[in-house]
Each structure stands twice: as structure tokens, then as C-alpha cells.
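Novice: Build me a model:
(chains A, B, C and D)
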2 protein chains.
Amino acid sequence: MSLIQNWLQEFINVTEEEIIAINEITETTMVKTNEVILKQGDISDKIGLLVKGSVRTYFTDKKGNEKIVFFAFDGEPIAAIGSFFNQTPSSVTTVTLENSIIIWTDHARYISFVNKFPQYNTVILTALTRWFSEGKNRMEYLHQTSAKAKYDSMCKVNPKIIERVPLKYIASYLGITQETLSRIRRKK
Amino acid sequence: MSLIQNWLQEFINVTEEEIIAINEITETTMVKTNEVILKQGDISDKIGLLVKGSVRTYFTDKKGNEKIVFFAFDGEPIAAIGSFFNQTPSSVTTVTLENSIIIWTDHARYISFVNKFPQYNTVILTALTRWFSEGKNRMEYLHQTSAKAKYDSMCKVNPKIIERVPLKYIASYLGITQETLSRIRRKK
DNA sequence: CGCAATATTTGACTTTTGTCAAACAATAAT
DNA sequence: ATTATTGTTTGACAAAAGTCAAATATTGCG
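Specialist: Model prediction:
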């Protein structure tokens, strides 16, 4: 079973005809570490499934600092959702953290696919709402008052992050300084 | 033009037939201040449009503290999205902050409506992705390191909040203590 | 209106976190 | 392998924010 089929299977029973159509509208690419795959300010025309690897998504504030919004790992969707579905400029940039494999499609092909298979509207809606709801977990980290509590909460809810993401990005993600995070780690 | 039609009109040209169908699947209710409209743990069967008023949405952590996730005001959608679209228990509670008017529908009627008018799948998707993207602005508040910077950022991006939300909820929303927020305000 | 409940402010004090500068470690490039 | 670059740790210190307790305001209700 293809990776994308496997991913979709959780939401819908994918037919042979649909698989063929999906293969026609997607391509798989290998992306090296530190490559920009979606860019702040651009209208994001792509939506993808991160088969293997990891990415960080951030926005750049007025002072030019990267503020990490989230990470994504194997099996998670990759998209500047607001930008893709509204065809408006993206407010975030996504960059690979590791060498990654991504299955892509673009807006025009996505639209033609859901026109042909309208039941996939519901699949996308369900997948996105689930993904967003999980993003709410992030709130839990940030609602903790102390930096240590934020870090502990993150480790518990999303342990993948500490295994695969450099410290400085985690600090940005949690809204604390690298030095503070480094000191928290020392005390373990 | 009805309020819901007006809201939808931004995304799609609403026909007379659709308006009639929408009126059939929705009802308008008045809700008093401090009433729970969606509850953490329940499978949320309702989705609504807040015509007038305001609400706060929060989750309760292990210590029993309310952690505010967001506020909504006149014209904004009301839903525990993950819960409604996945029919899973909600992770958040929503309570009115003021006397409010809300137009509701439920999951069964929503499904039958989009089955009859499938073009509304796209409307919902677009509306939700836009709403979520705006929620990302929240990230900007929380990524500021100092409490003052968080408050200033919030005032700039969403000034409605300071006009209509009690201090203690704003403090929770920003992840700081009431006392700190009170002191920040004094210095203005 | 007046009381009770709720919300906000203030003060004194402690702890946490940020800042800046520098050392050290790890990684990638030539 | 050596160097350059990038990432992490450490220290000293200042600034910011939390905590606890109590005093005021404000709001809502009978």
C-alpha cells in the first residue's frame, strides 16, 4: 500500500480508481536539510504529506527573528493551510530540519481531484480539523508560566521534538531563550 | 439580508433555495452571560455563528486552572472544531462573556445540508482555514518574551479584547498572572 | 439602596528569566 | 584533517515576573 493511501485509509476507504487519480496528481520529492519548501509572503500553491523527515515552520517578526510555530515529522501533512485554501500570501515559512521525502500536489490539481471525488472534501476537512486540534496541544505548553513547566509539558506531549530538533529551535518554539533552555536541561 | 447569509456571502453567492434550507437547519438562541455552550469532554454536536456577544474558550489543566485559548466576538464562528468534525470529545469549554445571540445547527443537519449542497464543503473549508490562520496571530503574542510585549502585541492585533474582556481572562490568555497584567496597565 | 460576591490593584519579597560576553563542542565544508 | 561555521553551555549580573497577603474597586443581586 502506498504511503499516501495508508494515510488516507484512516479517514476513508480508498478505491483503486482513486489511488490511480491520486498518483496522477502527486509527485514524490526528496528534499535536503535546510531547504525552504514554503515561503512567508508567497501564495502557497502546494500541499503535501511529509513521508519521512522533519520540518520547522516559523514566521519572521519585525526585528527579523524567527519564531517557530510548529514542527512536523514523518506522516504529518505539510501546508500553509490558510494560504493554500484561501490562495492568499502565507504568513509562515517552512524549512526542512532533516533530509525529507514529501508527496506533493498543487492547488489546481487538488481542486480537480475533489471535483471528481467530492467525498474527499470531508476527508480533508476531517484531517485538517484533527490536525488543528492537535495543534491546540501547543497551547498547553505555552500556558504554563515557568520555562521549566513549558519544557516538561512539551516533552510529555510531544517527545519526538527533543529527539530530533536542535535546542535553539525548541527555545524559539517555547518562547524562551536558548540559555534558559540549556540550563533547564542541565538540571536533568 | 439575514445575518448568516451576510456571513456566508463573503465566501459564496447564496441562492434563495439555500437560504431557505439554511433557515430550516438552524435556530437562533439568546444566551445569557456565563452560560456554558460547549463543554470539555462532550462530543460537540453543535456549530454556530455568534451573531452578537462574546465568548471565551478554555481548557482546564490538571490543577483545575482555566487556561483561555481564545475569545470570539460578533460575527465569528463558534465551534469545537475537532470535536464537531471528528465527533470526538472536545478538549475545550466555551462560555459566554456577555449576553449573546447565536445561530446554531447540529451535526446531523449540517451533514444533510452539505450533502444537498456540496459546494458548501468548500465554503466551510475556506472559512475554517481562514479562521485558523487568524488564530495563528495568537502565536505572535505568545512568542514575545516579555509580558508587556505580549500585551502590547495583543492590543495591536486584537483591540476588541481589551474593551470587552475582564483582566483575569486576558492574563490567562497571555499566560501571565493577573498581578503582572495589572501592573503593566498601570504604567499606561 | 446596600450587601455580598467578584474583580482589580498594591506592596513586600523571592524566584525566575533575560542579557551580554565568552568559552566550548559539534558539525559541515574544503 | 583542518578550518570555519553553527550550536550549546557557562558565568555574572540586571530585569522581569511570580507569590502571598491584604486592601480597594466594581458588579450584580435581593
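Novice: contacts and neighbour counts: CA atoms only from here.
Specialist: Fine.
Novice: which element follows the lowest-mean-pLDDT helix or strand in chain A toward the C-terminus?
Specialist: The helix or strand of chain A with the poorest confidence is helix A:137-143; it has a mean of 81 (mean pLDDT, DSSP states H and E). The helix or strand immediately downstream of helix A:137-143 is helix A:147-157, counting by DSSP states H and E.
Novice: near DNA strand D at all, that following helix?
Specialist: No. Among the residues of helix A:147-157, none lie within reach of DNA strand D under C-alpha under 7 Å from any atom of the strand; the closest is 9.6 Å away.
Novice: Please name every helix or strand in contact with the helix or strand following that helix.
Specialist: Going down the chain from helix A:147-157, the next helix or strand is helix A:160-164, by DSSP H and E. Applying 3 or more C-alpha pairs under 8 Å, 6 or more residues apart in numbering or on different chains; DSSP states H and E, one finds that helix A:160-164 contacts no other helix or strand.
Novice: Show me which positions of the helix or strand that helix A:160-164 is followed by end up buried.
Specialist: Going down the chain from helix A:160-164, the next helix or strand is helix A:167-174, by DSSP H and E. Neighbour-count burial for helix A:167-174 flags A:L167, A:Y169, A:I170, A:A171, A:S172, A:Y173, A:L174 (criterion: 16 or more other C-alpha atoms under 10 Å in any protein chain shown).
Novice: now those residues as a markdown table including pLDDT and distance to chain B?
Specialist: Formatted as a markdown table, those follow (pLDDT from 0 to 100; distance: C-alpha to the nearest C-alpha, whole Å):
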| residue | pLDDT | distance to chain B |
| --- | --- | --- |
| A:L167 | 96 | 16 |
| A:Y169 | 96 | 12 |
| A:I170 | 96 | 12 |
| A:A171 | 95 | 10 |
| A:S172 | 94 | 8 |
| A:Y173 | 94 | 8 |
| A:L174 | 93 | 8 |
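Novice: Of these, which ones also sit close to DNA strand D?
Specialist: Answer for those near DNA strand D (C-alpha under 7 Å from any atom of the strand): A:L167, A:Y169.
Novice: returning to what we had before: quick one: check the least confident helix or strand of chain A for contact with DNA strand D.
Specialist: No. Helix A:137-143 stays clear of DNA strand D (C-alpha under 7 Å from any atom of the strand), getting no nearer than 9.4 Å.
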